[in-house]
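Asker: Quick one: sequence and predicted model below, then my questions.
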Amino acid sequence: MGSVLDPVIAAVRRAVRESLAPLAGSGSRVLVALSGGADSLALAAATAYEASRAGLEISSATIDHGLQSGSAEVAARAAEQARDIGIADARVVRVDVDGVGGPEAAARDARYAALRELATTTGSAAVLVGHTHDDQAETVLLGLARGSGTASLKGMSPRALDDRGIAWIRPLLGVRREETRAFCAHEGLEPWTDPHNADPRFARVRVRDRVLPVLEQELGPGIADALVRTADQLREDDEAFADMIDEIIEDIVEPSEAGIAVSAAALAANPPALRNRVIRHVVRSEFGVSLTRTQTQEVARLVTDWRGQGPIDLPACIATRRGGLVHVTANEHDSRQST
């Protein structure tokens, strides 16, 4: 009689198996982002087990940011464990971390750029990332605190295609952090504990160690679950809005010199939620910048409260109403600076 599979092992493997189902039998390659921590190590082990059964090839990538003493040794150890669990193609990639937004954001940008490039060079159909249920709850709470709307409140998507056709998959969004630790202990894996995960300088650490425990204590258990449910609901709404906006834009947008023009009457005919989303979508698509709520509402006033007011300066562009059209055109000053 066969041995009974530990429930934690079964849960993590099942989550990975379901995420890989759209690729099963294709012979594609998947790339696992492996930091060496418990979440990504459990993900790598479960993927190594499930990928072979789904007819998929597997690689792993450990990104060495070089921000901590001994980072090269940590990365090498993660790759060694990947090989031990059956990932023959286990790579370490060293990146240089610089840029705006602070060290955490710069490291994230460098990491994702390296993963994206490696996925392209290895011909990987998907990159698997080890974010968990707890990470999702923290992301939603941080987004709520920043007032950044559904873009943050909808949390991280379980599956999303980038502009290269690579799928970014997060199989463990339904798995708790304590389960990935139990998985590693059961499988004899030795996860690395990132000291940054206990550093209160980082907002996410403060949310994890201070804010969520207080909310659980004062409001009762289940706060993390409630935040994740909220993200799921908002993501469904956001996807529905995105489909509606694609249909609307085809009918109300036309080219304009150095930019794009939108029918004021058509914008006015839509409710504020759709109107504001169309405005943000047009500016982001045409100029690659994201408007704040205040900026979006100022542009909307060209439609809803038009009294002949002058052009509205926006990041990289200017919004102006001329007749029945709202024109969004390149900011000449920004254009001269970029040349």
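Answerer: That came in fine, so what should we check first? Numbering: from 1, shown residues only.
Asker: Just the buried residues of stretch 298-312, please?
Answerer: Across stretch 298-312, burial judged by 16 or more other CB atoms under 10 Å covers 298-300, 302-303, 312. In short, each C-beta sits where N, CA and C put it, glycine included.
Asker: go on, stretch 33-52?
Answerer: Neighbour counts using 16+ other CB under 10 Å place 33-51 of stretch 33-52 among the buried residues.
Asker: and the buried residues of stretch 298-312 as TSV, adding distance to Asp225?
Answerer: As requested, the buried residues of stretch 298-312 are exported to TSV (distance: CB to CB, whole Å):
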residue	distance to Asp225
Glu298	38
Val299	38
Ala300	36
Leu302	42
Val303	40
Ile312	42
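Asker: out of these, which are inside strands?
Answerer: Ile312 (DSSP state E).
Asker: And the furthest pair within the buried residues of stretch 298-312?
Answerer: Using CB to CB, the two most remote members of the buried residues of stretch 298-312 are Val303 and Ile312, lying 11.8 Å apart.
Asker: so Gln295 sits right up against Ala316, yeah?
Answerer: No - using CB atoms under 8 Å, Gln295 is not in contact with Ala316; the gap is 11.6 Å.
Asker: Those two: who's more crowded?
Answerer: In this view Gln295 and Ala316 are compared by other CB atoms under 10 Å, and Gln295 has more residues nearby, 19 against 16.
Asker: now the most centrally placed residue in the chain: how far from Ala45?
Answerer: In the chain, the residue lying closest to the centroid (CA atoms, centre = their mean) is Met156, at 4.8 Å. Met156 sits 21 Å away from Ala45, going by CB to CB, to the nearest Å.
Asker: again, but for Arg116
Answerer: According to CB to CB, Arg116 stands 24 Å off from Ala45.
Asker: go on, Leu172?
Answerer: Separation of Leu172 from Ala45 (CB to CB): 12 Å.
Asker: Backbone dihedrals for Asp162, please?
Answerer: Backbone torsions of Asp162, given as degrees, to the nearest 10, read phi -90, psi -180.
Asker: Name the nearest residue to it, ignoring sequence neighbours.
Answerer: Setting aside the residues directly before and after it, Asp162 is nearest to Trp168 in space (CB to CB, 6 or more residues apart in numbering), at 6.4 Å.
Asker: Ile63 too?
Answerer: Leaving aside its chain neighbours, Ile63 sits nearest to Arg111 (4.7 Å; criterion: CB to CB, 6+ apart).
Asker: tell me the pLDDT at that neighbour?
Answerer: Looking at Arg111, its pLDDT is 93.
Asker: Walk me through the domains of the chain.
Answerer: Domains of the chain are assigned by automatic domain parsing as 7-219, 257-338.
Asker: lowest-confidence stretch among those?
Answerer: domain 257-338 (a mean of 89).
Asker: In contact with the closest residue to Val283 other than its chain neighbours: list those residues for me.
Answerer: Nearest residue to Val283 in three dimensions, chain neighbours excluded: Leu291, at 5.5 Å (CB to CB, 6+ apart). Going by CB atoms under 8 Å, 6 or more residues apart in numbering, Leu291 touches 279-280, 283-284, 299, 314-315.
Asker: which SSE is Leu291 in?
Answerer: Assigning secondary structure by DSSP states H and E places Leu291 outside every helix and strand.
Asker: Please apply the same query to the one 3 residues further on.
Answerer: Assessed by DSSP H and E, Thr294 sits inside helix 293-304.
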